[in-house]
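Engineer: Give me coordinates for this.
(2 chains)
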Amino acid sequence: MTGAKRTSAANLFFALCAGILFGLGLAVSQMVNPAKVIGFLDVAGNWDPTLAAVMAGALAVAMPAFRWVLKRPHPLFGASFSLPRRTDLDARLVIGAALFGIGWGVAGFCPGPAIAALTTLAWPVVMFVVAMLAGAIASDWFTNRR
Amino acid sequence: MDNFTPYSGFVGGILIGIASTLLLFANGRVAGISGIVGGLLSPRDGEAGWRVTFIVGLLLGVFAYAFAQGRPLTVTIDTSWQTMAIAGFLVGFGTRLGGGCTSGHGICGIARLSARSIVATAIFMLSAIITVFIVRHLGGA
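Structural biologist: Modelled structure (predicted):
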């Protein structure tokens, strides 16, 4: 990010627009409702494949669109694309994903829907999000001291 | 499968895909929620502004949907708040350690065919399916 301001008004505006569309998508698809997500994960129960339809819709757009976007030299408002650089598989990725899956299965919430569901001000949702932030801080602490 | 809502699911997915594309196209950033929120926890970052506006937008999007529907958003949670807190901790710890969640790995990562994201998504899906089976069918929790 040489020469340019790190975050411009345009960056804030497009982040807001992207957030609005993302929130709408979570609400329209009902992924904000943990019962809907657990219905997908419960393959031995009354299976609800909706989450697969959501991923299909998202990937139908993002797969071709990302190919096109990443061929451009830089983003519209910014010096460079900020993408994860690592390509190797390591224990942190595997253990992290496995632990995330346990929490996701128990609650039916992943980070996006949990934050979206904060709009209900329901106590279990608030507890989930507070604990989620604590978990992220604990993970950073754990990673930094090793 | 009487509860399957394929059309609203697919349309919602398309909106999420457009949102992710817009953030990458305009700002060059990945729309991974755990990463966007997690980045707010490290004070040196200097990128707090767009992260906060994205989250504000996300909440506005949910409010806009509720307004259009004419009723507030409702969620069905049959899990105690204590269990929700433990689950939340695991989700926060796991997504931070594993470098992403359903949006970052599952959508943005898979969209650019990242091997790490494909492996992570397979693992958290499988882990969650096994967890639900244990909790809902083997009488745990």
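Engineer: Mind pulling up the pLDDT for A:Gly105?
Structural biologist: Looking at A:Gly105, its pLDDT is 98.
Engineer: Would you point out which residue is most central in chain A?
Structural biologist: Among the residues of chain A, the one closest to the centroid is A:Gly112, at 5.2 Å (Cα atoms, centre = their mean).
Engineer: quick one: low-confidence ranges for the chain?
Structural biologist: No chain in the question, so chain A it is. Scanning chain A for pLDDT under 70 picks out A:1-6, A:146.
Engineer: Chain B was what I was after
Structural biologist: In chain B (pLDDT under 70), the answer is B:44-45, B:140-141.
Engineer: for it, what spans make up the helices?
Structural biologist: B:6-22, B:33-38, B:48-69, B:81-98, B:110-111, B:115-137 (DSSP state H).
Engineer: Could you check how far the second one is from the centre of its chain?
Structural biologist: Meaning helix B:33-38. 9 Å (Cα atoms, centre = their mean, to the nearest Å).
Engineer: tell me what that helix is packed against?
Structural biologist: helix A:111-116, helix A:123-144, helix B:48-69, helix B:81-98 (3 or more Cβ pairs under 8 Å, 6 or more residues apart in numbering or on different chains; DSSP states H and E). Where you see a C-beta, it was placed from the backbone N, CA and C, and this is true even at glycine.
Engineer: Could you tell me which other helices and strands the last one packs against?
Structural biologist: Spelled out, it's helix B:81-98. Looks like helix B:81-98 contacts helix A:91-107, helix A:111-116, helix A:123-144, helix B:33-38, helix B:115-137 (3+ Cβ pairs under 8 Å, 6+ apart).
Engineer: before we move on, back to that, can I get the helices of chain B in CSV with mean neighbour count and distance to A:Phe77?
Structural biologist: Below are the helices of chain B laid out as CSV (neighbours: other Cβ atoms under 10 Å in any protein chain shown; distance: least, Cβ to Cβ, whole Å):
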stretch, mean neighbour count, distance to A:Phe77
helix B:6-22, 24, 11
helix B:33-38, 26, 17
helix B:48-69, 19, 10
helix B:81-98, 25, 27
helix B:110-111, 22, 21
helix B:115-137, 20, 25
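Engineer: Ok, which of those helices comes nearest A:Asp90?
Structural biologist: With Cβ to Cβ as the criterion, A:Asp90 lies closest to helix B:115-137 of the helices of chain B, at 8.6 Å.
Engineer: show me what contacts B:Ala85?
Structural biologist: A:Met127, A:Phe128, A:Val130, A:Ala131 (Cβ atoms under 8 Å, 6 or more residues apart in numbering or on different chains).
Engineer: Tell me which residues touch residue 127, please.
Structural biologist: By default, I'm working from chain A. With Cβ under 8 Å, 6+ apart, A:Met127 has these contacts: B:Trp81, B:Gln82, B:Met84, B:Ala85, B:Gly88.
Engineer: actually it's chain B I care about, not the one you picked
Structural biologist: A:Ala97, A:Ala98, A:Leu99, A:Phe100, A:Gly101, A:Ile102, A:Trp104, A:Gly105.
Engineer: Of the residues you listed, which are in range of chain B?
Structural biologist: Taking Cβ under 8 Å from any Cβ of the partner chain as the test, chain B is in contact with A:Ala97, A:Ala98, A:Leu99, A:Phe100, A:Gly101, A:Ile102, A:Trp104, A:Gly105 out of those.
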